[in-house]
Structure formats: structure tokens, C-alpha cells
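**Q** Below are the sequence and a predicted model for it; my questions follow.
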Amino acid sequence: MADLFDNNPTVDRSAAAPRPLADRLRPQALAEVIGQDHVLGPEAPLGTMLVSGALSSLVFWGPPGVGKTTIARLLAHETDLHFVQISAIFTGVPELRKVFEAARIRRGNGQGTLLFVDEIHRFNKAQQDGFLPHMEDGTILLVGATTENPSFELNAALLSRAQVLVLERLDHAALELLARRAEAEMGRPLPLDPAARETMLEMADGDGRALLNLAEQVMGWQVEGELDTARLTTRLSRRAAQYDKSGEAHYNLISALHKSVRGSDPDAALYWFARMLTGGEDPRYLARRITRMAVEDIGLADPQAQTICLHAWETYERLGSPEGELALGQAVTYLALAPKSNAGYAAFKSAMAAARQTGSEPPPKIIRNAPTKLMKEQGYGAGYAYDHDAEDGFSGQNYFPDGMARGAYYTPVDRGFERELKKRLEYFGKLRAKRQT
């Protein structure tokens, strides 16, 4: 039988080869796509386009395993367009020219082309510009797929000709529905107890393809009864979290960490801190950022906060990972629970703005340095009151440029140590008014 099979040129060997579960469960209609109703529903963007018969070029933005390729293929089927799929990773200019020429011939024969470009953000600016004339004259209907923020990665000219649709990671309900489809396809339930089943869904991390691959592995095991979580996790490796240290995920997570600290939520702050560490973020970057948080959002409301961050940073440099990360985590907790004030930050920005506006205004002569006789003759330092000799150790003199209105930049809050600084500021304000009268 093997010889007959091998020598028969009419036999489709690919049909006889086993197909992965994810391929067997690929939706055959848009109604079967799971978890993207906000895009595919009757009132959603794609649903509306299909009903009206006016499908435009699109860019699908979303994480892996949420159906970008499948939706593009099904759109071509439902609109009677010829489906062509390329990857920006493996396609160069010569290959693109062949694709466009074939689409042009196809169009001349009365059939349109839906060109699906996976990882479209990997094309450079010139390559992206190459799509524009073919999109404009109707040679192709472009559907791009990207895991990166299109605002950062795609040309404005291309984005102006395509609608960006955001595909979401699959939630728990969608993953559970997908697991049930897998069980129906395999003809038996997954050999997992309820807790282990939940663990497997969590391991997929919102990726439908990953879930089906995990389910296929589990179905292939020869086990008696049901596996618990401990036995499952010894057989399966947890999927690495999606995290790009130079992409949008990086900025989203550091923003979440910073805002959780500012919002005085230590639990949320520690969670995002841990998410960044497990994603492979450099702890030194985190040390620098949490020190910035101490300066920007706490400031003089708790002067110790900055010192604690610097000590945690130094501790990390001495201990390294993972022990040193504990010190950084403790600093995050301290910052979240510290009194908050951006008064120092706001005062600095206001002072910088005033400095730019006033240009080269010189200091008043009373506080200028007078190291030479000529300078003294010009009145430098004349009339300066030595504050230590003044009543209450405060002269109340004007230290702003002559003719410039007195600036008021620092307004401490009534929290933490700044409550004491506020009292001091008010005290000196009263003394200044008294001296000036």
C-alpha cells in the first residue's frame, strides 16, 4: 500500500496527513468567529460594511491568536474576492511586484483581490507607500494585520486609506467556548478537573490558537481519570506573557504602574510591577522610573521617599536578580502609601516657564557678587541685608529682577511633610509683608 501511495501522482498527500486541531477548528463562516462581536456584529464596523456591500481596506490590530487571518480569509469568501496572503517578514519588493501584477490581471478578468498582509508593520516606509496606488485604483483591497500600534508603525498615508479595527484578546467565556468546540471535535471531554481546566484557560493568556494547541496536547496523554492542577502544570509549560520591551505593551504597563502608585493602590502597583518583571523588563529601568515617581508625584510631601528609592536601586545593584527585585518592590509599596504632592514638580515647571519668558534679566544689584573695586563702584552688593543679622533671621528683601513682578510658583499641599512647609511659607510671607511696610 505504501508503494502504491508513493507512486500515485494523483493522490493528495496533504489530505492524508494529520491536521492540527487549530486548523480543523478554523471557522468556516464569520458567524463562527469567537470573541470579536464588537467588530463582526450586525451594528459593528465589519457587519455594517458587509450588509452595505462597501468593504474598505482594513488594518486588524490585536494580539496573536485572536482570528486576524481567519477573518480576512472569510471576508474574501463572503465578498467573492480572490484571497492572497503574504507575510511582511518573507516578502520583498520583487515579490510584491508579482502580487500586484497578478492582481491587475485578475481585475482585468473581472475579479478583485483581497491582499492579506501579515505583520504589515514590518514593511518599511517605502514598501508601505508601494501599496497606495494599487489601493487607490482598486487593484487590491488591502487587509493588514499587526500586533503593534498602527499609530506608531504604519504610515499616515496608508492609515488614511484604511480603517483600523481592534481585535481583542479572548476573554474567559470565549476561551471556554473554544475548549468545548475542541472537545466536540475530539469526541471526548478534556481529562481535567474544574480547577485544572481553569488553569489551562489561564495558560492560553487570551490566545485561541495557544488554547487549542494546549488542548491537543492534553488530549494526546494517556491518563486515567482527571488531572488536577499540580499534575497538569508538571506536564505543560505556562505560556510566556506577551510583552515587547520596546513596543506599546512596555509603555502601557509602565503607565499602569505609575498611575497605580499615584492613585495610592499598592496592590495594583505591585501587580503591574510584577507583570513587567515577568515580561523580561530590565529592573534598572524600573528602578529609574520609580525614583522618578518619588520626585514627580510625592516630592516634599515625603522627602524620605526619594531616598528609599535610591537605596532600593543600590540594593538591587548589590544583590542582582531576583533578590534585589524585592527591594524595588518594597519601594513601590512605600511610594503607593506615601502622601502625594506634585507641588514641587508644578513649581519647577512654572519657574522654567518664567525663566524662558524673562530671558536675560539680570539679578538686582543688591545680590550681585562684587569681587572687584569697579563692581563695588557700580553698586554691586550695595544695600544687601545679611539675613542672619536681621530680626527673626529674615530680611524680606526682593531677590527677583528689578521690574519683574514677584513670582509665586511653589504651592505646597496640606498633606504629609508639605503641611509643615506650607506653614513655613505662610510664616515667611507674613514676615516679608511686614518688612516691606
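**A** Nice, thanks for sending it over.
**Q** quick one: contacts for residue 179?
**A** 190, 197, 200, 201, 211, 215 (Cβ atoms under 8 Å, 6 or more residues apart in numbering). For every residue, glycine as well, the C-beta is placed using N, CA and C.
**Q** Same question for residue 79.
**A** Residue 79 neighbours (Cβ under 8 Å, 6+ apart): 50, 55, 112, 114.
**Q** Quick check: it vs residue 168, distance?
**A** According to Cβ to Cβ, to the nearest Å, residue 79 and residue 168 sit 24 Å apart.
**Q** Repeat that for residue 228.
**A** 31 Å.
**Q** Residue 40 now?
**A** From residue 40 to residue 168 the distance is 12 Å (Cβ to Cβ).
**Q** Looking only at neighbour counts, state which of these two leads.
**A** The residue with more neighbours, out of residue 40 and residue 168, is residue 40; 21 against 15, by other Cβ atoms under 10 Å.
**Q** pretty sure that one is touching residue 71, no?
**A** Yes: counting by Cβ atoms under 8 Å, residue 40 does reach residue 71; the two are 7.4 Å apart.
**Q** Find residues that contact each of these two.
**A** 30, 33, 46.
**Q** ok, residue 342 to residue 406 distance?
**A** Applying Cβ to Cβ, the value for residue 342 to residue 406 is 22 Å.
**Q** These two: which is more packed in?
**A** Taking neighbours as other Cβ under 10 Å, residue 342 and residue 406 compare with residue 342 leading, 17 against 8.
**Q** Please, where are all the strands along the stretch 101-250 of the chain?
**A** 113-118, 141-146, 163-166 (DSSP state E, counting those that start in this stretch).
**Q** of all the ones you listed, which lies closest to residue 294?
**A** strand 163-166 (34.7 Å; Cβ to Cβ).
**Q** which residues touch the closest one?
**A** 39, 45, 46, 56, 57, 58, 59, 60, 61, 62, 150.
**Q** before we move on, back to that, out of the shared contacts of residue 40 and residue 71, which is nearest to residue 360?
**A** residue 46 (60.3 Å).
**Q** The closest one: neighbouring residues, count only.
**A** Residue 46: 23 neighbours (other Cβ under 10 Å).
**Q** That one contacts residue 75, doesn't it?
**A** Yes: with contact defined as Cβ under 8 Å, residue 46 reaches residue 75; the gap is 7.4 Å.
**Q** Find the residues that touch each one of those two.
**A** Common neighbours of residue 46 and residue 75 (Cβ under 8 Å, 6+ apart) are residue 30.
**Q** low-confidence ranges in the chain?
**A** 1-17, 237-248 (pLDDT under 70).
**Q** May I see the domains of it written out as residue ranges?
**A** Here the domain parsing of the chain from automatic domain parsing is 36-166, 172-235, 248-337, 363-436.
**Q** Leaving out chain neighbours, which residue sits closest to residue 182?
**A** Spatially, and ignoring its direct neighbours in sequence, residue 182 is nearest to residue 215 (4.4 Å; Cβ to Cβ, 6 or more residues apart in numbering).
**Q** Ignore what I typed, I meant residue 211.
**A** residue 204 (3.7 Å).
**Q** count of neighbours near the one you found?
**A** Count around residue 204 with other Cβ under 10 Å applied: 24.
**Q** Quick one: residues contacting it.
**A** 65, 170, 175, 210, 211, 214, 239.
**Q** do that again at 10 Å, thanks
**A** 65, 169-170, 172, 175, 178-179, 210-215, 238-239 (Cβ atoms under 10 Å, 6 or more residues apart in numbering).
**Q** Repeat that for residue 273.
**A** 253-254, 256-257, 260-261, 266, 281, 283, 286, 289-290, 325, 328-329, 331-333, 336.
**Q** sec struct for it, please.
**A** helix (DSSP: H, G, I helix; E, B strand; the rest coil).
**Q** Relative to residue 283, how far out is it?
**A** 10 Å.
**Q** anything in contact with each of those two?
**A** Joint contacts of residue 273 and residue 283 (Cβ under 10 Å, 6+ apart) are 325, 328.
**Q** Name the surrounding residues that touch the longest helix along the chain.
**A** Using DSSP state H to define each element, the chain has its longest helix at helix 418-436. Helix 418-436 is contacted from outside by 298-303, 339-341, 343-344, 385, 390-398, 406, 408, 410-415, using Cβ under 10 Å, 6+ apart.
**Q** That helix: which residues count as buried?
**A** 418, 421, 422, 431, 432 (16 or more other Cβ atoms under 10 Å).
**Q** got the contact list for the residue nearest to residue 182?
**A** Here residue 215 is in contact with 21-22, 25, 178-179, 181-183, 185-186, 190, 192, 200-201, 204 (Cβ under 10 Å, 6+ apart).
**Q** Export stretch 285-292 to PDB, keeping only CA atoms.
**A** This file holds the C-alpha atoms of stretch 285-292, laid out as PDB (Å, rounded to 0.1, in the frame of the first residue of the first chain):
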ATOM      1  CA  TYR A 285      14.700  50.700  34.100                       C
ATOM      2  CA  LEU A 286      12.100  50.100  36.800                       C
ATOM      3  CA  ALA A 287      14.400  51.500  39.400                       C
ATOM      4  CA  ARG A 288      14.900  54.700  37.500                       C
ATOM      5  CA  ARG A 289      11.100  55.000  36.800                       C
ATOM      6  CA  ILE A 290      10.100  54.500  40.500                       C
ATOM      7  CA  THR A 291      12.700  57.100  41.500                       C
ATOM      8  CA  ARG A 292      11.100  59.500  39.100                       C
END
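**Q** can you tell me which residues contact residue 33?
**A** Per Cβ under 10 Å, 6+ apart, neighbours of residue 33: 26-27, 39-40, 46, 66-67, 70-71, 74, 167, 174, 208.
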